[in-house]
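[1] give the three-dimensional model of this entry:
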Amino acid sequence: MAMQSGFIKRIRDIMRMDAGINGDAQRIEQMVWMLFLKVYDAKEDDWELNEDNYTSIIPDECRWRNWAQADDNGHAMTGDKLLNFVNNTLFPTLKELPVTPDTPVKKAIVKSTFEDANNYMKDGVYLRQVIDIIDEIEFDDVKESHDFGFVYEEILRDLQSAGSSGEFYTPRAVTDFMAKMIQPKLGEKMADFACGTGGFITSWLGQLKDQVKDTGAQKQFDDSIYGIEKKPFPYLLCVTNMLLHDIEVPNIYHMNSLKHNLLDYTDDDKFDVILMNPPYGGHEDKSIQGFFPDDLASSETADLFMSVIMYRLKKNGRAAVVVPDGFLFGLDNAKVAIKTKLLTEFNLHTVIRLPGSVFSPYTSISTNLLFFDNTRATTETWFYRVDMPSDRKHFSKTKPMELKHFDDCIAWWNDRKPIDLEDGSKAKCYERDFLLKDQGCNFDLCGFPHEEEEVLDPLDTIRNYQEKRATLNAEIDKVLTELEALLPGGVTE
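    Sure thing, here's the model as predicted:
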């Protein structure tokens with residue numbers, strides 16, 4: 001583990017001295033295209049070995065091995081010569097690579113990587129130093145590429161702290177737990193409609209890989225994933241991530257999954273399994289709501305994604321989704337409609353409540369995991385609360401949640417029994433009608449007792465209050481309607 005943090009830190013320290021790099025986002029963008037070329041060069045070594053007549057889509061002078069690496073005498077381009085090459089030869093060439101519909105994905109990806117990329121560095125000597133550090137990564141043995149997976153995750157986490165629009169890196173423990181509980185089977189197709197850098201896809205592949213015994217199975221394995229990501233960077237990192245996992249034709253698409261009319265989806269657009277953490281807190285422009293039936297149209301992205309998931313889950317398919325607390329207790333019209341649909345058309349069998357700091361430092365909003373399938377209507381739903389391990393007060397970037405913290409939950413999952421503690425239920429089963437009628441679709445059950453007042457960052461505080469206000473308004477409206485009906489000449493709905 002030591003390698004990756006040192007590696008990122010060394011690069012960061014050099015880039016800080018370069019006048020062209022302005023802030024985290026640019027630093028990461030700079031790192032992404034360089035890492036991509038390094039990873040791609042290593043993959044090309046494999047392809048040259050394993051394929052007859054492999055030819056690179058990248059012209060010779062622009063291949064990493066020919067410009068970035070030092071020659072046999074230890075000489076390498078640096079300073080203004082290097083800067084001039086990168087700005088006036090490398091970028092223009094890679095942005096204009098000839099790509100046709102027949103170009104294999106693994107070649108076309110080079111052009112799509114560079115379409116949105118920029119070289120921000122203005123000092124050729126610093127640029128040389130960064131290239132040298134990146135070139136130190138070796139992919140020859142499994143350990144190194146495994147380590148590189150960690151380097152990659154570190155960059156992804158870095159990306160998160162640089163980004164600020166509601167989406168964030170889902171901790172590996174959470175994606176692994178969800179993939180484990182969903183029990184992947186070879187031949188199934190899984191989707192993530194906001195796949196970020198590919199965390200859920202990686203966990204899914206990790207669970208599935210032991211089932212691969214022959215080349216036919218390998219093909220099913222490669223074909224088992226589908227991802228959509230609307231932001232250029234996470235998208236590039238995700239595709240690079242897939243190449244690292246030896247998936248050479250990654251079905252990862254750069255687009256916005258919300259820009260499609262829900263009612264137009266056919267069976268071909270549906271999946272056996274959906275695993276995802278929809279971005280929340282983000283608000284899409286009004287035009288997006290036009291793609292959704294009126295009762296499901298919401299300005300909150302997490303709500304919109306929940307609808308997409310319901311419309312794109314195959315008959316008998318399974319889903320595991322991360323949702324914020326606001327989804328559980330929210331009672332605005334769209335949330336009630338979504339939760340009603342979830343209970344009456346899907347089998348919401350389990351809700352796992354997570355401790356507040358699982359996603360820190362990216363957000364302090366509390367999250368939950370919904371597990372449901374498209375087999376029948378819900379009859380009952382189990383709620384289970386994962387408590388903070390006794391040896392710590394909260395999770396943090398340096399001490400994140402680990403898969404072992406789900407051990408009790410996994411044991412309970414396979415042998416479900418109610419668990420009552422002095423301060424309320426930790427695990428309990430509720431009938432559908434209780435959730436729909438008595439609770440009016442408020443799923444805030446088996447929560448954390450008398451939570452200490454937590455200091456959230458200002459944006460999260462505002463979102464929390466907005467969510468609470470919307471919920472209170474909905475409750476007040478409901479009571480007023482009931483009161484009105486009791487008055488003489490009252491209107492009954």
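[2] CA atoms of the longest strand seen in the chain as CSV?
    Among all segments of the chain classified by DSSP state E, the strand with the greatest residue count is strand 313-324. The C-alpha coordinates for strand 313-324 follow below in CSV (Å, rounded to 0.1, in the frame of the first residue of the first chain):
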residue,chain,number,x,y,z
LEU,A,313,-34.4,-4.0,-14.3
LYS,A,314,-35.3,-7.2,-16.1
LYS,A,315,-38.2,-9.4,-14.9
ASN,A,316,-36.6,-11.5,-12.1
GLY,A,317,-33.6,-9.1,-12.0
ARG,A,318,-31.9,-8.0,-8.8
ALA,A,319,-30.7,-4.5,-7.7
ALA,A,320,-28.7,-3.0,-4.9
VAL,A,321,-28.6,0.8,-4.7
VAL,A,322,-27.1,3.4,-2.3
VAL,A,323,-29.6,6.1,-1.3
PRO,A,324,-29.3,9.0,1.1
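[3] helices or strands up against it?
    Other helices and strands packing on strand 313-324, by 3 or more Cβ pairs under 8 Å, 6 or more residues apart in numbering; DSSP states H and E, are helix 172-182, strand 271-276, helix 301-311, strand 367-373. Heads up, the C-betas are built off the backbone N, CA and C, glycines and all.
[4] distance to residue 201, mean pLDDT and mean neighbour count for the ones you listed - can I get that in CSV?
    Output for those, formatted as CSV (distance: least, Cβ to Cβ, whole Å; pLDDT from 0 to 100; neighbours: other Cβ atoms under 10 Å):
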stretch, distance to residue 201, mean pLDDT, mean neighbour count
helix 172-182, 9, 95, 22
strand 271-276, 8, 98, 25
helix 301-311, 16, 95, 23
strand 367-373, 17, 96, 22
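[5] nearest to residue 319, out of these?
    Nearest of those to residue 319, taken as Cβ to Cβ: strand 271-276 at 4.3 Å.
[6] follow-up on the earlier one: between the helices and strands packed on strand 313-324, which gets nearest to residue 214?
    Taking the helices and strands packed on strand 313-324 one by one with Cβ to Cβ, strand 271-276 is closest: 21.1 Å.
[7] which residues sit against the next helix or strand after that closest one?
    Later in the chain than strand 271-276, the nearest helix or strand by DSSP states H and E is helix 286-289. Outside helix 286-289, the residues within contact range by Cβ atoms under 8 Å, 6 or more residues apart in numbering are 258-259, 297-299, 304.
[8] ok so, going back, just checking, next helix/strand downstream of the longest strand of the chain?
    By DSSP H and E, the next helix or strand past strand 313-324 is helix 325-329.
[9] for the record, mean pLDDT for that next one?
    Taken as a whole, helix 325-329 has an average pLDDT of 90.
[10] and it, what does it pack against?
    helix 301-311, strand 367-373, helix 458-486.
[11] now the angle from the last one to strand 313-324?
    Spelled out, that is helix 458-486. 110 degrees (axes from the mean of the first three to the mean of the last three Cα atoms, to 10 degrees).
[12] who are the packing partners of helix 458-486?
    So helix 458-486, by 3+ Cβ pairs under 8 Å, 6+ apart, packs with helix 325-329.
[13] show me how far the helix it packs on is from its chain's centre.
    The chain centre lies 20 Å from the centre of helix 325-329; the measure is Cα atoms, centre = their mean, to the nearest Å.
[14] what of stretch 437-446?
    Relative to the centre of its chain, stretch 437-446 is centred 28 Å away, using Cα atoms, centre = their mean.
[15] any chance of the helices and strands packed on strand 313-324 in JSON lines, plus distance to residue 64?
    Shown next, in JSON lines, are those (distance: least, Cβ to Cβ, whole Å):
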{"stretch": "helix 172-182", "distance to residue 64": "29"}
{"stretch": "strand 271-276", "distance to residue 64": "33"}
{"stretch": "helix 301-311", "distance to residue 64": "37"}
{"stretch": "strand 367-373", "distance to residue 64": "39"}
